[in-house]
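Colleague: need the 3D shape of this:
(2 chains)
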Amino acid sequence: MIPRHSASRRIAALALVGAASLLAAACSSGESALESGNERPTTPATSAPPATAEPGATTPAGSAPTTAAPTTTVTPLADLPPCPVDALDGAAGPVELTFWHGMSNELETALIELTDQYNASQDAVVVTLQNQTGYEATIDKYIQSSQSSRPDIVQFPEYTVQLLADSGTVIPIGACIEASGFDTSPILDRILKAYATEGVQWSMPFNVSNPVLYYNKAMFEEAGLDPEAPPLSLEELRATSQAIVDSEAAGYGIALDTGADSGGGWFIEQWFAKGGELYADNGNGRLAPATRVLYDGPAGVELMSYVQQMITDGLAVNVGDNASGQDNFLKMADTVSPAAMTIGTSAALGTVTAVLDGGLIQGITGEDLGVGPMPGPGPGALVGGASLYIVAEKGDEKAAAAWDYIQYLISPESQSQWAAATGYVPIRSDALELEPLATKYVEDPRFKVAYDQLLGTSDDPSAFGPVLGPLREVRAATARGVAEIFNGDDVAEVLSRTAGESNALITSYNERN
Amino acid sequence: MATDTRAAAIPAVGFDRPRGWRALGRYSLLLFVAFLVLFPIYTTIVAALKPGNEVLNDPLRPGPFTLDVLRDAWSTGRLGRYLLNSFVVAIVVTVCQVVTSLLAAYAFAMLDFPGRTLLFGVFLATLLVPLEVTLVVNRRLIDSLGWLNTYQGLAAPFLATAFGTFLLRQVFLTLPRDLRDAAAIDGVGHLGFLRHVAIPLVRPTLGALALFSFLSTWNQYLWPNLITTEADKNTVQSGLRLLASTNLDEPNLVMAGTVIAAIPIFVVLIVFQRQLVRGLTAGAVKG
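Modeller: Here you go, the predicted model:
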């Protein structure tokens, strides 16, 4: 249908547009498909009113258009539950805490180890872990439960910040930080800020991940490519895939999926952040509640057309909605027509290397696996993973105990141990100086890729990612659209319809909250 | 029954037993369907009996044989605890469903009371409401009663069944009215009649209902998954999910867990199969 040369011609045309935009040129190569047609000059102006036509009409709680100005002179914590950090001193016996988490496999093993260490290290608190089999199940059970049936601590993924903020069921971590004078300076600022909206720190990041490129070094060598130089930009990704397919080193260049929390939803947010594009209005929803998504603009169309073209040309393969989170990795191990690369969360690295080192996959050893930054229109990544919330109305002692446990989990020693075992990014830089992570990063630099990628992120508001009340549903709607695009439907039309669905979800949510 | 013995007595004759090409076609179709049904069971069992990474290298052929994986699944998967939970819940639900269906069906079939037809219609209409529709409301109710992570929470929404009531009512309707009249003349009350006359007559259907209740409760997945947040309170089906999600790199372990979870069901089915078939087809064929 579409001639092969059109992509390069388009990129050449885009380079002209990109050069016109000074900021875009400064940000990255200036040749990226994502640089065109965006409104970059307006985005850095964070203090400007929201970009919507009538913010007053759509923003909830009767807020005037001026709400968008991020001038937080009054402490936003005043109306929220306080954090009684000293209540543990008065506790009669050990305080028992339940902790709902969504960790599995190697991740769960590492979490159990940390918790056992904590329980053994002191007498005041006993933490019981309760595996809720994944984030989605945790969210469902939490939302459906009465406050008394909820746990004392809960782990929620990054896309639920606004949901939890609006739920009124948690003690903001910011209150605990303030009350105990906790020093947050070693914590990477962008990781901490990922879990803050409108000036309130809602939760404490614990397990941080971002998408990285997994690739098969043996196939790169067979295709005559440098196995130590994975593609960084989208153009390089296409060229690399072409080389792999042409040399028949593998059936496909890259395996992509349409899962809501991977290729169908999350990656688009990542690509927008990398390209310096806002995903939603009102500063990605961090200045005031967002009223609509922006991914149906020219940048989104360019991006998704590029991906669609990769699939149409047989360079990429779509492995479906990847409900298990494993299908894209298994495609790399396919014996008939494997893919040489895939994009997946860095959190899978511990499990993937364990599976490969265990000899479970024929033909691929642990050493064949290479890891590089996620290819995209720019460097950096959004903070993914999950954070820890203290549930309110559980009594002062439990809140204090929960804060104590959380401080243990995010201590430099714990984060060093946790990151080395799992592949998660440590939330604080001083964890890198401690064992076992210090040695791990030297011996196996693949584990450091996600950390470096996160450090390389710009300070543009777009690089903090969207917070939307119904982000989970928006991602699901987006992922359905992406599946249609991967199957060859018209990109602009699908994106505009999907964005319409997403905006309806946001409007409905904002009306209810 | 009678037709069965007759067919056996006159072998290889009659339209029941096609010969030649027709027979070949029919049996190959049956074999093919049987293959489709049995293949997943076969691979599950083969995988459960293989050690370590043999499963991924050679998933189909029965290879080196070991019981270690089953033992491992039993201990790391805490399947003993989950099986116990499943048994308790399934038995409570089965007994309650049989009792409530029996009483309700008797009332609908044998008693005259105003609004009976309407009430029965409403009763039947609940068959049209799938579990998923009432799920959220049910969960909130169980939560407000403080029954999350308890046996009563697992069982409560399933103690009465419109299907069982309907099934038994239809059987009760076939009992001659004269029986009830005769019993009444002898001074037997409703419960006495139910116990001494009606139940013995509908025993096959009752057995089928009990078996059906047991199997469907045993196989429940969504509900136990929703109302358990503590690992020890899982039933075997939701426990299997826990096993699968925490042992991604050991597919044989998950398969072994599946085999263990399926064994009780197999035993129950084999023992009560006759009951089930007889009960569900009761009245379908005059014999």
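Colleague: hmm, A:Trp418 and A:Lys440 touching each other?
Modeller: No. A:Lys440 is not in contact with A:Trp418 according to Cβ atoms under 8 Å; the separation is 11.2 Å. No exception for glycine: its C-beta is placed from N, CA and C like everyone else's.
Colleague: up against chain A, what does the stretch 151-287 of chain B have?
Modeller: Selection of the stretch 151-287 of chain B residues close to chain A by Cβ under 8 Å from any Cβ of the partner chain yields B:Asn225, B:Leu226, B:Thr229, B:Glu230, B:Ala231, B:Arg241, B:Leu242, B:Ser245, B:Thr246, B:Asn247, B:Leu248, B:Asp249.
Colleague: in a helix, the first one, correct?
Modeller: Looking back up the chat, that one is B:Asn225. Yes. The assignment for B:Asn225, made by DSSP: H, G, I helix; E, B strand; the rest coil, places it in a helix.
Colleague: that one is in contact with B:Leu240, isn't it?
Modeller: No. Between B:Asn225 and B:Leu240 there is no contact under Cβ under 8 Å: 10.3 Å.
Colleague: is it possible to mark the buried ones in the residues of the stretch 151-287 of chain B next to chain A?
Modeller: Among those, those classed as buried by neighbour count (16 or more other Cβ atoms under 10 Å in any protein chain shown) are B:Asn225, B:Leu226, B:Thr229, B:Ala231, B:Arg241, B:Leu242, B:Ser245, B:Thr246, B:Asn247, B:Leu248, B:Asp249.
Colleague: would you point out the most distant pair within those residues?
Modeller: Pairwise distances across these (Cβ to Cβ) peak at 27.5 Å, for the pair B:Leu226 and B:Asp249.
Colleague: neighbours of B:Glu54, how many?
Modeller: 17 (other Cβ atoms under 10 Å in any protein chain shown).
Colleague: tell me the spacing between it and chain A.
Modeller: Going from B:Glu54 to chain A by Cβ to the nearest Cβ, to the nearest Å gives 10 Å.
Colleague: how close does that residue sit to A:Ala333?
Modeller: 16 Å (Cβ to Cβ, to the nearest Å).
Colleague: now A:Thr365
Modeller: In this view, A:Thr365 and A:Ala333 are 12 Å apart by Cβ to Cβ.
Colleague: same question, A:Val307
Modeller: Distance, A:Val307 to A:Ala333, using Cβ to Cβ: 23 Å.
Colleague: A:Lys448 too?
Modeller: A:Lys448 is 24 Å from A:Ala333, where distance means Cβ to Cβ.
Colleague: which helix or strand contains A:Ser387?
Modeller: A:Ser387 belongs to strand A:384-391 when assigned by DSSP states H and E.
Colleague: which one of A:Val307 and A:Ala333 is surrounded by more residues?
Modeller: For the pair A:Val307 and A:Ala333, the greater number of neighbours falls to A:Val307 (24 against 18), based on other Cβ under 10 Å.
Colleague: contacting residues for the more buried one?
Modeller: A:Leu256, A:Ala316, A:Ile485, A:Phe486 (Cβ atoms under 8 Å, 6 or more residues apart in numbering or on different chains).
Colleague: farthest-separated two in those?
Modeller: Across the contacts of A:Val307 (Cβ to Cβ), the longest gap, 12.1 Å, separates A:Ala316 and A:Ile485.
Colleague: so what are the sheet partners of the stretch of helix or strand A:Tyr215 belongs to and their directions?
Modeller: Take DSSP H and E as the rule and A:Tyr215 turns out to sit in strand A:211-216. Applying DSSP bridges, strand A:211-216 is found paired with strand A:339-345 (antiparallel), strand A:369-373 (antiparallel).
Colleague: the next helix or strand after it: how far from the chain's middle?
Modeller: Downstream of strand A:211-216, the first helix or strand assigned by DSSP H and E is helix A:217-222. Computed by Cα atoms, centre = their mean, to the nearest Å, the chain-centroid distance of helix A:217-222 equals 29 Å.
Colleague: where in chain B is pLDDT low?
Modeller: Confidence mapping of chain B against pLDDT under 70 gives the ranges B:1-18, B:53, B:56-57, B:248-249, B:279-287.
Colleague: quickly list the domain ranges of it.
Modeller: B:12-66, B:73-280 (automatic domain parsing).
Colleague: ok, which of those comes nearest A:Thr197?
Modeller: Closest among these, using Cβ to Cβ: domain B:73-280, at 27.4 Å.
Colleague: gap between A:Gly251 and chain B?
Modeller: Using Cβ to the nearest Cβ, A:Gly251 is found at 20 Å from chain B.
Colleague: now swap in A:Arg292 and tell me
Modeller: Going from A:Arg292 to chain B by Cβ to the nearest Cβ gives 29 Å.
Colleague: from what I see, that residue and A:Tyr509 are in contact.
Modeller: No. With contact defined as Cβ under 8 Å, A:Arg292 does not reach A:Tyr509; the gap is 11.8 Å.
Colleague: closest to A:Ile361 out of the contacts of A:Val307?
Modeller: For the contacts of A:Val307, the residue nearest A:Ile361 by Cβ to Cβ is A:Leu256; the value is 20.0 Å.
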